[in-house]
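Q: Sequence and computational prediction follow.
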Amino acid sequence: GDVFTDTGRGDDCVEKYVALLADVDQTHRLGATWSYCNSGFALAGRVIEKLTDSTWDKALGRRIAEPLGLRHTVTLPEQALLYRTAVGHVGEDTDEISRAPVWMLPRSVGPAGLICASAADVLAFARLHLTGGLAPDGSRVLSAASAAALACSSAIAAALAELQAELPDRYSLGDSWGLGWMRFGWNGRRLIGHDGNTIGQSAFLRVLPDEGLAVALLTNGGNARDLYQELYREIFAELGGVDLPAPLAPPDPPFAADITPHLGRYVRASAELDVLAGPDGPERSV
């Protein structure tokens, strides 16, 4: 899913990108399991272009940004220059953090990660779902049925983000997935949200529908996930009465186990990984 082919800056760049996906290997066959797929979001952007006979950028502006009054939501660098746009920083795993070598992803994969917005605009988007698809002036942007399927309404407590897939790893992102939304179970409470990471930029959005609460965090470098853990734990405990689960950590004391039977080489269709392979270790295929 992490295919970031640059097909230029023209209005046909997403179309060209999608055409090249025919030659890209799949991580797994359709329906076998779930994995996050940036190229899938770009493909969804192309579907929008076909349905609207426009670019996905223009469709986003006309159908979402304008009705919601999002005045600081853009997709192109020449648009971002009009605002105080943050530059990304990299190197959080080293002793020196520096400016990112480039500012944004290629336009061809724009639907997967080129939407630039202020925190207020991100919250306005979250409010769209908390109100069941209504703009601030009361006009309907999403149908009630679409709003219920995509997310949930604080006015309809039973309308949760519709389950699309259980996640094989229930701890790194969320426990399940909706239509673009991550789904989280925090101490028996259901939240939805989405995170984003591009070049030196990180974003976090969490929505607690039964409290009508949404929190957005945008950062441009540093240990963003540590900051997220610290801030969201405090905010959601105080305002929502819900505890953010502690991140996974190695057991203390460490668990003693003989890993010798598992040494070897493991292969899947699109990758070959050395897993704790000793110089004379056996080779195994799975």
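A: Great, that's in hand.
Q: Give the buried residues for stretch 163-180.
A: For stretch 163-180, burial by neighbour count (16 or more other CB atoms under 10 Å) applies to L167, L173, G174, D175, S176, W177, G178. C-beta here means a position set from N, CA and C on the backbone, and glycine is covered the same way.
Q: Now render these as JSON lines, adding pLDDT, distance to R63 and secondary structure.
A: Below are the buried residues of stretch 163-180 laid out as JSON lines (pLDDT from 0 to 100; distance: CB to CB, whole Å; DSSP: H, G, I helix; E, B strand; the rest coil):
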{"residue": "L167", "pLDDT": "91", "distance to R63": "29", "secondary structure": "coil"}
{"residue": "L173", "pLDDT": "85", "distance to R63": "27", "secondary structure": "coil"}
{"residue": "G174", "pLDDT": "91", "distance to R63": "27", "secondary structure": "coil"}
{"residue": "D175", "pLDDT": "92", "distance to R63": "30", "secondary structure": "coil"}
{"residue": "S176", "pLDDT": "93", "distance to R63": "27", "secondary structure": "strand"}
{"residue": "W177", "pLDDT": "91", "distance to R63": "23", "secondary structure": "strand"}
{"residue": "G178", "pLDDT": "88", "distance to R63": "20", "secondary structure": "coil"}
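Q: Closest to F184 out of those?
A: Of all the buried residues of stretch 163-180, G174 has the smallest distance to F184: 4.7 Å, by CB to CB.
Q: Now do the helices in the chain.
A: 13-20, 38-52, 56-60, 66-68, 77-80, 110-113, 119-130, 144-150, 224-240 (DSSP state H).
Q: Mind checking the ones you listed for the one nearest to G138?
A: That would be helix 66-68 among the helices of the chain, by CB to CB, at 11.1 Å.
Q: what is the mean pLDDT for that closest one?
A: Average pLDDT, helix 66-68: 96.
Q: Check which helices and strands that helix is in contact with.
A: Helix 66-68 sits against helix 119-130, with contacts defined as 3 or more CB pairs under 8 Å, 6 or more residues apart in numbering; DSSP states H and E.
Q: For stretch 181-190, what is the distance to the chain centroid?
A: Stretch 181-190 sits 15 Å away from the centroid of its parent chain (CA atoms, centre = their mean, to the nearest Å).
Q: what comes up buried for it?
A: Those would be W181, M182, R183, F184, W186, R189, R190, for stretch 181-190 by 16+ other CB under 10 Å.
Q: follow-up on the earlier one: next, format the buried residues of stretch 163-180 as CSV and append distance to T219.
A: Below are the buried residues of stretch 163-180 laid out as CSV (distance: CB to CB, whole Å):
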residue, distance to T219
L167, 24
L173, 18
G174, 20
D175, 24
S176, 26
W177, 24
G178, 24
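Q: from the residues you listed, which single one is nearest G138?
A: Distances from G138 to the buried residues of stretch 163-180, taken by CB to CB, are shortest for G178, at 25.5 Å.
Q: isn't that closest one right next to A148, touching?
A: No. Counting by CB atoms under 8 Å, G178 stays clear of A148, with 10.9 Å between them.
Q: Find residues that contact each of these two.
A: Shared contacts of G178 and A148, defined by CB atoms under 8 Å, 6 or more residues apart in numbering, are found at E162.
Q: Please name whichever of the helices of the chain is nearest to P253.
A: Between the helices of the chain, helix 224-240 lies closest to P253; by CB to CB that is 24.0 Å.
Q: ok, back up a step: by mean pLDDT, show me the worst of the helices of the chain.
A: Among the helices of the chain, helix 144-150 carries the lowest mean pLDDT (a mean of 73).
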